[in-house]
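Engineer: mind looking at a prediction? Sequence and model below.
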Amino acid sequence: MGNHGSNLDDILSQDMHHWYNKFMRDSPSGLITLFELKTILGLKGMNEDANSYVDQVFCTFDMDGDGYIDFVEYIAAISLLLKGEINQKLKWYFKLFDQDGNGKIDKDELETIFTAIQDITRNRDIDPEEIVSLIFERIDIKGEGEMTLEEFIEGAKDHKDIMDMLRNLMDLTPVLMIIVEGRTG
């Protein structure tokens, strides 16, 4: 349905009162659990990788780690995804990719996430293995098979093609549209 950009700009320009009412309508308790997020997004019957990815997204939005997304975390997540600076987005991607939380991302973690994203978005234009190989070939110049946050950010920013690929793969616009407008159909 056309241009997401102007639609999302309109969404962000809504006042806090609108956002709060929307949030409370979706989650009357004032807190969104992982189960509720999956219900809001209409995600049922996902494979293990896709399920793991949604769990990881939830954990990165649950900034205080209490097992819930509250209104402040909800607004912060939407603002980051829609208006965040590139460094902020890359840090968020890294946190999402670093599934074991060791401060480094390896090929398996990246491939798992990209496969899961494709399972959810149904967009299988590029083979996850090829994406991961390209990213590591360009960014992991030391050939260690893993990258720190600093290496990831600097490497991604130095390669426009990788930044474009990440932007396209990590585009959560359809997910945000569901959160904001509700699932139709």
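Structural biologist: Good, I have the coordinates.

Engineer: strands of the chain, residue ranges please.
Structural biologist: Ranges of strands in the chain, per DSSP state E, are 31-32, 69-70, 104-106, 146-148.

Engineer: what's the domain layout of the protein?
Structural biologist: The chain breaks down into these domains under the TED database: 7-83+172-181, 86-170.

Engineer: which pLDDT does the model give the residue located most distally from the centre of the chain?
Structural biologist: Going by C-alpha atoms, centre = their mean, the residue of the chain most distant from its centre is residue 142, 27.4 Å out. Here the pLDDT value assigned to residue 142 is 85.

Engineer: picking that back up, which of the domains of the chain has the lowest mean pLDDT?
Structural biologist: domain 7-83+172-181 - the lowest mean pLDDT of these, at a mean of 75.

Engineer: returning to that earlier point: measure the residue farthest from the centre of the chain to residue 151 for me?
Structural biologist: 8 Å (C-beta to C-beta, to the nearest Å). C-betas here are computed from N, CA, C, even on glycine.

Engineer: in terms of contact, does residue 169 touch residue 131 like I think?
Structural biologist: Yes: with contact defined as C-beta atoms under 8 Å, residue 169 counts as touching residue 131 (7.2 Å).

Engineer: residues shared between the contacts of those two?
Structural biologist: Jointly contacting residue 169 and residue 131 under the rule C-beta atoms under 8 Å, 6 or more residues apart in numbering are residue 114.

Engineer: count the neighbours of residue 146 for me.
Structural biologist: Residues contacting residue 146 under the criterion other C-beta atoms under 10 Å number 19.

Engineer: show me the contacts for it.
Structural biologist: Per C-beta under 8 Å, 6+ apart, neighbours of residue 146: 104-106, 140.

Engineer: closest to residue 97 out of these?
Structural biologist: residue 105 (4.4 Å; C-beta to C-beta).

Engineer: please report how far that closest one lies from residue 95.
Structural biologist: Counting by C-beta to C-beta, the gap from residue 105 to residue 95 is 10 Å.

Engineer: quick one: which of the two has more around it?
Structural biologist: The neighbour count for residue 105 versus residue 95, taken as other C-beta under 10 Å, is higher for residue 105 (28 against 15).

Engineer: surely that one meets residue 93?
Structural biologist: No: contact criterion C-beta under 8 Å: residue 105 and residue 93 do not qualify, at 9.2 Å.

Engineer: identify the contacts common to the two.
Structural biologist: Contact with both residue 105 and residue 93 is made by residues residue 152, according to C-beta under 8 Å, 6+ apart.

Engineer: for the contacts of residue 146, pick the one with the most neighbours.
Structural biologist: residue 105 (28 neighbours).
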